[in-house]
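[1] quick check, what structure comes out for this input:
(chains A, B, C and D)
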2 protein chains.
Amino acid sequence: MTLSDIEFPTPSENADCRPVREILDRIADKWSLYIFVALKDGPVRFNALRRQIDGISQRMLTITLRQLERDGLISRTLFPTIPPRVDYELTAIGRSLLAPVMALMTWADSNRDVIEEARRQYDH
Amino acid sequence: MTLSDIEFPTPSENADCRPVREILDRIADKWSLYIFVALKDGPVRFNALRRQIDGISQRMLTITLRQLERDGLISRTLFPTIPPRVDYELTAIGRSLLAPVMALMTWADSNRDVIEEARRQYDH
DNA sequence: ATAGAGTAGTATCAAATTGTGACCAACGCT
DNA sequence: AGCGTTGGTCACAATTTGATACTACTCTAT
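    Here you go, the predicted structure:
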């Protein structure tokens, strides 16, 4: 058996791929993946997320969190203390997305050397 | 066992996550995932890709293909016929990325109803 | 003979997205 | 009294992406 024999599950083959696109466009943006990974071990507060995700601006963190909340992938819990406290947490469906996302992360981690070498060759 | 008991492989825990970020930022952009899926069954020509990936501009297709080629994930083969013909194809390492990518696609496909319902509730 | 389409792009400029501070209000600490 | 912390929002600047036109060559239809 060669690599090209591997069969991948085809998500209903072309049939109505617009909704899938809408979902993937949310996940495959600049920050969503990192928010997911940051939330994998339990609830995290707004500013803790900001510190954990290097380079994200407050604006984009707010916007991306709202979108993920709208999709039901994370939940937002406000504790009306002073100063206010807001916890973000993966929902059940959000956790089910964690498996494929972590698979991607793991792939990226195991293949970084190969990719960096490919880049060096290409740039040369 | 509950969902929170699931353990995910942690990609070398925080250690040097900048290279992983660089790789993920390439994969998790607006178009790379779709190019990957479009190439999953074998080589595809430039304009065929453009027709297959709805909404992509010629410019972004060129740019994204070049970046994926630089990372060694796809190969570019020019046949100097007239009119010219250029085949894009997944490399071995590119095909190894196909598994996690298809897992994401499959997840998006099986969860679109839930997400659309969540959106309706949020918007209401 | 000539107009139109297809090939794989590049160049230029407009539009959309993202980043950068500033600001808010209420409180604790020194 | 002044600074820091909380979780944001707002206006504006910088970056990224999209739209359109152009290339040069050939094949097909009128």
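[2] all strands of chain A, in order?
    Taking DSSP state E as the test, the strands found in chain A are A:44-45, A:74-79, A:85-90.
[3] what residues does the first one touch?
    Counting by Cβ atoms under 8 Å, 6 or more residues apart in numbering or on different chains, strand A:44-45 makes contact with A:Ala38, A:Gln52, A:Arg85, A:Val86, A:Asp87, A:Tyr88, A:Glu89, all of which sit outside it. From N, CA and C alone the C-beta is placed, and that goes for glycine too.
[4] ok so, going back, with mean pLDDT and mean neighbour count as extra columns, can I get the strands of chain A in JSON lines?
    Listed next are the strands of chain A as JSON lines, based on pLDDT from 0 to 100; neighbours: other Cβ atoms under 10 Å in any protein chain shown:
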{"stretch": "strand A:44-45", "mean pLDDT": "97", "mean neighbour count": "18"}
{"stretch": "strand A:74-79", "mean pLDDT": "97", "mean neighbour count": "14"}
{"stretch": "strand A:85-90", "mean pLDDT": "98", "mean neighbour count": "17"}
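[5] as a markdown table, the ones you listed with distance to DNA strand D would be great.
    Shown next, in a markdown table, are these (distance: least, Cβ to the nearest atom of the strand, whole Å):
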| stretch | distance to DNA strand D |
| --- | --- |
| strand A:44-45 | 4 |
| strand A:74-79 | 7 |
| strand A:85-90 | 4 |
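[6] first-to-last residue distance for stretch A:17-37?
    End-to-end distance for stretch A:17-37, by Cα to Cα, to the nearest Å: 26 Å.
[7] is that stretch in proximity to chain B?
    Yes. Contact of stretch A:17-37 with chain B (Cβ under 8 Å from any Cβ of the partner chain) involves A:19-25, A:27-30, A:32-33.
[8] could you write me a ChimeraX select line covering just the buried ones among these?
    Buried residues among the residues of stretch A:17-37 next to chain B (16 or more other Cβ atoms under 10 Å in any protein chain shown), as a ChimeraX selection:
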select /A:20,21,23,24,27,28,29,32,33
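[9] relative to DNA strand D, which of the residues of stretch A:17-37 next to chain B is nearest.
    A:Lys30 (8.1 Å; Cβ to the nearest atom of the strand).
[10] one step back: for the residues of stretch A:17-37 next to chain B, name the two members farthest from one another.
    Taking Cβ to Cβ, the two most distant members of the residues of stretch A:17-37 next to chain B are A:Pro19 and A:Lys30; they sit 21.8 Å apart.
[11] ok, and of the residues of stretch A:17-37 next to chain B, which contact DNA strand C?
    A:Asp29, A:Lys30 (Cβ under 7 Å from any atom of the strand).
[12] can you list the residues of stretch A:17-37 next to chain B in CSV and add pLDDT?
    As requested, the residues of stretch A:17-37 next to chain B are arranged in CSV below (pLDDT from 0 to 100):
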residue, pLDDT
A:Pro19, 79
A:Val20, 87
A:Arg21, 91
A:Glu22, 89
A:Ile23, 92
A:Leu24, 93
A:Asp25, 92
A:Ile27, 92
A:Ala28, 91
A:Asp29, 92
A:Lys30, 94
A:Ser32, 97
A:Leu33, 96
